[in-house]
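need a 3D model of the following:
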Amino acid sequence: MLNQVVRKMMAQRLCVYQFTRLLSSSPNIPQLMEKFKPLITDRLVHETGVSAVLKLTDSAWTLDLRDEGTIKEGADETADITLDMNNEVFLQLIDGSTTTAAAYMSGKLKLEGNIMQAMKLSSLFKNMQGVIAEEAK
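Numbers count the residues shown, from 1 in each chain. Below you'll find the model as predicted:
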């Protein structure tokens with residue numbers, strides 16, 4: 001697993017120092033979510049069309065990619081899907097060291113709702129990787 005993370009970081013031209021510095025300077029999930037808000041574009045909403053709740057270790061977030069195109073703290077009961085995972089798995093999704101499918105298949109991510117809708121979030125997680133790479137520079 002560690003080898004995969006290192007290879008992924010090398011492919012993105014992130015060194016271990018930069019990645020560690022980024023996570024240590026931004027371990028706060030609310031701060032990360034604020035950085036991700038500009039990624040929610042009209043195009044992403046149009047292509048994805050899903051509302052999802054991310055239940056993390058100590059917080060819940062609603063990603064509305066169906067109507068408004070927003071990221072809000074708290075769980076919206078009308079969301080299409082719920083992804084339940086700990087903070088570490090979420091960070092792995094956004095740093096590219098795992099995928100939604102791999103996390104689900106390994107049992108690290110629990111899903112309520114349609115798995116195909118959950119897979120639509122992969123493009124958002126890939127965009128989040130770009131924010132992390134920029135932040136580490």
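
so what secondary structure elements neighbour the host helix or strand of residue 44?
Taking DSSP states H and E as the criterion, residue 44 maps to helix 42-48. Contacting helix 42-48 under the criterion 3 or more CB pairs under 8 Å, 6 or more residues apart in numbering; DSSP states H and E are the following elements: strand 60-65, helix 122-136. All C-beta atoms are positioned from the backbone trio N, CA, C, and that covers glycine.

mind checking which of the ones you listed is nearest residue 81?
strand 60-65 (9.6 Å; CB to CB).

quick one: the nearest residue to residue 85 once chain neighbours are set aside from residue 76, how far?
Leaving aside its chain neighbours, residue 85 sits nearest to residue 109 (4.6 Å; criterion: CB to CB, 6 or more residues apart in numbering). In this view, residue 109 and residue 76 are 19 Å apart by CB to CB, to the nearest Å.

which of those two has more neighbours?
Just comparing residue 109 and residue 76: by other CB atoms under 10 Å the higher neighbour count belongs to residue 109, 23 against 16.

show residues contacting the helix or strand just after the helix holding residue 44.
Where DSSP H and E defines the elements, the next helix or strand beyond helix 42-48 is strand 50-55. By CB atoms under 8 Å, 6 or more residues apart in numbering, the residues outside strand 50-55 that reach it are 60-67, 75-76, 78-85, 90, 117-118, 120-121.
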